[in-house]
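Participant: need coordinates for the following:
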Amino acid sequence: MSATVTPPPANSPPTDSLPEYESFFEYVRHLTTLSTGAILLQLALFVKVFHHPKWKAAAIVSLASFTLSVIASVVTYTLVLTMAKHKRTISDDPRRASAKAMACFAQIARYALGVTLVGFLLGVTAAAVFALGNLLAL
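Facilitator: Below is the predicted model:
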């Protein structure tokens with residue numbers, strides 16, 4: 001009893017390179033969405049609620065951290081998407097320039113993902129400090 005496998009049509013995108021990255025893409029997409037929403041929420045708080053805010057340093061750290069998180073997530077997403085797209089064309093031979101470039105992309109993507117996560121966590125922490133400090137001062 002043998003199963004026959006039919007190859008995908010010639011014009012279809014490769015199916016074996018993106019599913020393994022799908023949860024990663026979702027993770028980065030959610031961090032980006034949350035960071036962007038937090039930036040907008042903080043700006044709305046400045047305009048509507050806190051006309052003369054205290055703890056301005058926490059707000060600055062928070063906004064800068066969320067912005068850094070968004071930028072780093074775009075870099076991460078772009079690098080990983082590039083690696084996934086070109087994965088099929090790269091040989092396992094580490095002496096090839098394309099394999100070396102992909103290894104470099106992978107290293108940069110790891111650092112960018114770390115910056116994304118640290119920026120998000122620092123942004124959340126600083127936003128909480130800012131909000132609590134200003135709410136207690138009301």
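
Participant: you'd agree Phe46 is up against Ser62?
Facilitator: No. Applying Cβ atoms under 8 Å as the test, Phe46 and Ser62 come out as separate, 11.3 Å apart. C-beta coordinates here come from the backbone N, C-alpha and C atoms, glycine included.

Participant: more crowded one of the two?
Facilitator: Ser62 (24 against 14; other Cβ atoms under 10 Å).

Participant: which non-adjacent residue is nearest the more buried one?
Facilitator: Counting by Cβ to Cβ, 6 or more residues apart in numbering, Ser62 lies nearest to Ala126, which is 3.6 Å off, once chain neighbours are set aside.

Participant: for Ala58, see how far away Phe120 is.
Facilitator: 16 Å (Cβ to Cβ, to the nearest Å).

Participant: average pLDDT across the longest helix along the chain?
Facilitator: Longest helix of the chain, by residue count under DSSP state H: helix 97-137. Across helix 97-137, pLDDT averages out at 88.

Participant: figure out how far that helix is from the centre of its chain.
Facilitator: Between the centre of helix 97-137 and the centre of its chain there are 8 Å (Cα atoms, centre = their mean, to the nearest Å).

Participant: just checking, what packs against that helix?
Facilitator: Counting contacts by 3 or more Cβ pairs under 8 Å, 6 or more residues apart in numbering; DSSP states H and E, helix 97-137 is packed against helix 22-48, helix 56-86.

Participant: for the shortest one, give the mean pLDDT please.
Facilitator: Just to be clear, that refers to helix 22-48. 90.

Participant: so what's the most centrally placed residue in the chain up against?
Facilitator: Centrality entry for the chain: nearest residue to the mean C-alpha point is Ser73, 2.6 Å, by Cα atoms, centre = their mean. Counting by Cβ atoms under 8 Å, 6 or more residues apart in numbering, Ser73 touches 28, 31-32, 35, 112, 116.

Participant: for these, which one is nearest Leu135?
Facilitator: Among these, Ser35 lies closest to Leu135 (Cβ to Cβ), at 22.0 Å.
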